[in-house]
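**Student:** this is a predicted model, with the sequence first.
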Amino acid sequence: MDLSPRARYALIIDGQQVEAASGETFTVINPATNEALATFAKGGPEDVDRAVDAARRAMEGKWGRLRPADRTRLLYRLAAAMADHAADLARLETLNVGKAISSTYAEVYSAIEELEFFAGLARAAGEAFPLAGSLQVMTQRDPVGVCALIVPWNYPIMLTGWKLAPALAAGNAVVVKPASATPITALMLAELALEVGFPPGVINVVTGPGSTVGDALVTHPGVAKISFTGETETGKNIMRKAAGDLKRVSLELGGKSPNLVFEDVDIEATAAASVWAIFYSAGQSCEARSRLFVHKSIYDRFLDAFVSATRRLVVGDPLDRNTHVGALISPQQVERVDGYVKLALEEGGRVLAGGSRPDDAALARGNFYLPTVIEGLGNHSRVCQEEIFGPVVAVQPFADEDEAVRLANDTQFGLAATVFTRDAARALRVARSIKAGTVTVNTPFTSFAGVPFGGFKASGFGRERALETLHLYTETRSVIINTGKGPHNPFGL
């Protein structure tokens with residue numbers, strides 16, 4: 001299959017590339033240059049109707065009749081096809097998202113691992129156990145129905161994989177709605193799936209605005225479940241609209257994640273790990289550890305090491321393997337980030353690194369912003385409470401463990417947190433005390449196939465990447481069987 005960049009992309013509905021019913025299109029830019037990248041069909045409610053109908057027919061037809069073992073094989077085939085095309089997929093993702101290609105390679109393989117993990121779970125369809133006396137119970141898990149998978153712009157291929165894998169393993173058919181800014185790789189995954197043998201209609205992709213395509217999916221009577229990753233207010237709006245016909249909803253939303261550094265750490269090594277925790281993906285990550293709390297006894301030394309490591313990051317051409325930090329998604333996102341930096345100064349903060357666009361003329365056309373370190377802000381400042389979604393970290397000292405935990409939890413969000421300490425008992429105490437869906441100790445990595453990923457509080461509910469994710473895509477039926485020699489006679493008649 002040829003995955004070279006194309007000038008024009010269509011919708012994928014019922015196994016076919018089709019134009020939008022309206023005939024409208026929209027253009028997507030390359031964030032590193034702000035030049036046009038490609039034109040896409042601009043879907044609307046009529047296209048959503050076609051896609052949902054195709055998905056329902058697939059579940060009523062060949063896809064619905066496949067054995068779980070057959071779904072396993074197809075998921076493995078799709079994972080293998082992605083691996084065969086990993087270089088092309090990473091390049092397409094970099095051109096579309098603007099992030100460093102070293103990052104997009106990792107994200108392609110994260111999607112592959114997800115498909116492989118859930119391929120092995122496709123047969124996890126229920127259990128059996130004795131109840132009491134002659135009663136035996138069997139539980140059966142049926143696919144919930146057509147699933148709408150709404151994917152954000154910051155991790156398009158990875159999060160499409162994270163959502164596709166459990167939905168398909170459970171036997172559902174899907175309609176994928178990629179972010180309007182980053183639709184390419186969702187379309188490519190659907191094409192690869194058709195090539196390896198997925199029946200038409202199992203994976204449909206409708207590109208277009210959230211205000212039309214997303215809204216039509218959320219309110220469509222033929223959609224049984226919505227899996228959404230994105231901004232918290234949008235998630236709340238989806239919940240309200242999905243309540244009309246009691247759709248199942250999973251929401252992975254925003255974050256303002258803390259990073260706690262205690263006094264017993266290796267300062268240089270911890271500074272390097274902490275730099276990755278915020279500046280990976282140019283800070284455009286829901287679990288970016290954007291609030292950095294450091295014990296006051298090592299604060300100055302750690303901050304020197306952290307700022308020095310930040311300044312060594314390479315901001316540049318996203319296709320260069322030596323680049324650490326690529327472009328932000330859009331000029332509007334650059335303005336948003338810069339606005340928060342200016343706000344930090346108004347709130348009494350001091351910029352210790354970054355705080356502006358790079359002065360490299362070669363980057364002037366793109367949406368680049370220097371990794372930025374700010375100190376001197378209180379935890380109740382807007383910069384420390386609101387999700388910036390860019391390469392900006394606020395650093396604050398703390399006096400003891402209790403204060404560190406209090407500061408970490410002093411936010412509406414609860415997606416992730418990281419703790420650095422050599423004291424194992426303290427690490428466990430702090431991890432238990434932080435209100436977040438994932439707490440990592442002495443590592444900046446937050447997500448692995450098989451490990452539940454999701455948030456507390458305003459960071460949403462439901463989990464990705466684990467066995468419980470599969471359950472969110474199924475309905476459970478309990479079958480209670482009397483194995484005695486005759487029916488029960490409760491009245492004694």
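**Tutor:** Looks like it arrived, so ask away.

**Student:** for Ser478, see how far away Leu319 is.
**Tutor:** Distance, Leu319 to Ser478, using CB to CB, to the nearest Å: 53 Å. For the C-beta atoms, the positions are set from N, CA and C on the backbone; glycine is no exception.

**Student:** who's more crowded, those two?
**Tutor:** Using other CB atoms under 10 Å as the criterion, Leu319 and Ser478 rank with Leu319 on top: 15 against 10.

**Student:** any idea which helix or strand carries the more buried one?
**Tutor:** Using DSSP states H and E, Leu319 maps to neither a helix nor a strand.

**Student:** my guess is it meets Ser102, correct?
**Tutor:** No. Judged on CB atoms under 8 Å, Leu319 makes no contact with Ser102 at a distance of 10.3 Å.

**Student:** and for the closest residue to Ser356 other than its chain neighbours, the neighbour number?
**Tutor:** Counting by CB to CB, 6 or more residues apart in numbering, Ser356 lies nearest to Leu370, which is 6.0 Å off, once chain neighbours are set aside. By other CB under 10 Å, the residues close to Leu370 number 22.

**Student:** pLDDT wise, what is Leu370 at?
**Tutor:** On pLDDT, Leu370 comes in at 98.

**Student:** likewise for Pro444?
**Tutor:** The model reports Pro444 with a pLDDT of 98.

**Student:** next up, the contacts around the nearest residue to it once chain neighbours are set aside.
**Tutor:** Among residues not flanking Pro444 along the chain, Ala277 sits closest, at 3.7 Å (CB to CB, 6+ apart). If a contact means CB atoms under 8 Å, 6 or more residues apart in numbering, then Ala277 has 259, 288-289, 418, 444 as its contacts.

**Student:** now go through those and say which are in strands.
**Tutor:** The members of these that map onto strands under DSSP state E are 259, 418.

**Student:** domain ranges for this protein, per the record?
**Tutor:** Split into domains by automatic domain parsing, the chain comes to 8-253+459-478, 258-441.

**Student:** got the ones you listed as JSON lines, with distance to Phe453 columns?
**Tutor:** Converted to JSON lines, these look like this (distance: least, CB to CB, whole Å):
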{"stretch": "domain 8-253+459-478", "distance to Phe453": "5"}
{"stretch": "domain 258-441", "distance to Phe453": "6"}
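
**Student:** relative to Gly450, which of those domains is closest?
**Tutor:** Of all the domains of the chain, it is domain 8-253+459-478 that lies closest to Gly450, at 5.8 Å by CB to CB.

**Student:** end to end, how far does that closest one reach?
**Tutor:** For domain 8-253+459-478, the first-to-last residue distance is 49 Å (CA to CA, to the nearest Å).

**Student:** just the pLDDT at the residue nearest the centre of the chain, thanks.
**Tutor:** When CA atoms, centre = their mean is applied to the chain, the residue found nearest the centroid is Leu159 (4.6 Å). pLDDT recorded at Leu159 is 98.

**Student:** give me the neighbour count for the nearest residue to Val441 once chain neighbours are set aside.
**Tutor:** Nearest residue to Val441, sequence neighbours excluded (CB to CB, 6+ apart): Ala427, at 4.6 Å. Using other CB under 10 Å, Ala427 is surrounded by 19 other residues.

**Student:** contacting residues for Ala427?
**Tutor:** Contacts for Ala427 (CB under 8 Å, 6+ apart) come out as 419, 421, 441-442.

**Student:** of the residues you listed, keep whichever come out buried.
**Tutor:** Applying 16 or more other CB atoms under 10 Å to the contacts of Ala427, the neighbour count classes 419, 421, 441-442 as buried.

**Student:** what are the boundaries of the helices in the stretch 251-400 of the chain?
**Tutor:** Per DSSP state H, counting those that start in this stretch, the stretch 251-400 of the chain carries helices over the ranges 267-279, 299-311, 331-346, 382-385.

**Student:** closest to His324 out of those?
**Tutor:** When those are ranked by proximity to His324 (CB to CB), helix 267-279 comes first, at 7.1 Å.

**Student:** before we move on, which element is the closest residue to Leu3 other than its chain neighbours in?
**Tutor:** Excluding the flanking residues, the one nearest Leu3 by CB to CB, 6+ apart is Asp88, at 3.8 Å. Per DSSP H and E: Asp88 is located in helix 86-97.

**Student:** same for that helix, what does it pack against?
**Tutor:** Applying 3 or more CB pairs under 8 Å, 6 or more residues apart in numbering; DSSP states H and E, one finds that helix 86-97 contacts strand 25-30, helix 101-119, helix 156-169, helix 184-196.

**Student:** which one of the ones you listed is the most hemmed in?
**Tutor:** Comparing the helices and strands packed on helix 86-97 by mean neighbour count (mean count of other CB atoms under 10 Å), helix 156-169 ranks first with a mean of 28.

**Student:** lowest-pLDDT helix or strand in this protein?
**Tutor:** strand 126-132 (a mean of 89; mean pLDDT, DSSP states H and E).

**Student:** now the very next helix or strand once past it: how far from the chain's centre is it?
**Tutor:** Sequence order places strand 135-143 as the next helix or strand after strand 126-132, per DSSP H and E. Distance of strand 135-143 from the chain centroid (CA atoms, centre = their mean, to the nearest Å) equals 31 Å.

**Student:** just stretch 306-315 next, same as before
**Tutor:** Relative to its chain's centre, stretch 306-315 lies at 26 Å (CA atoms, centre = their mean).

**Student:** quick check: buried residues in it?
**Tutor:** Buried residues in stretch 306-315, defined by neighbour count with 16+ other CB under 10 Å: 306-307, 309-310, 313, 315.
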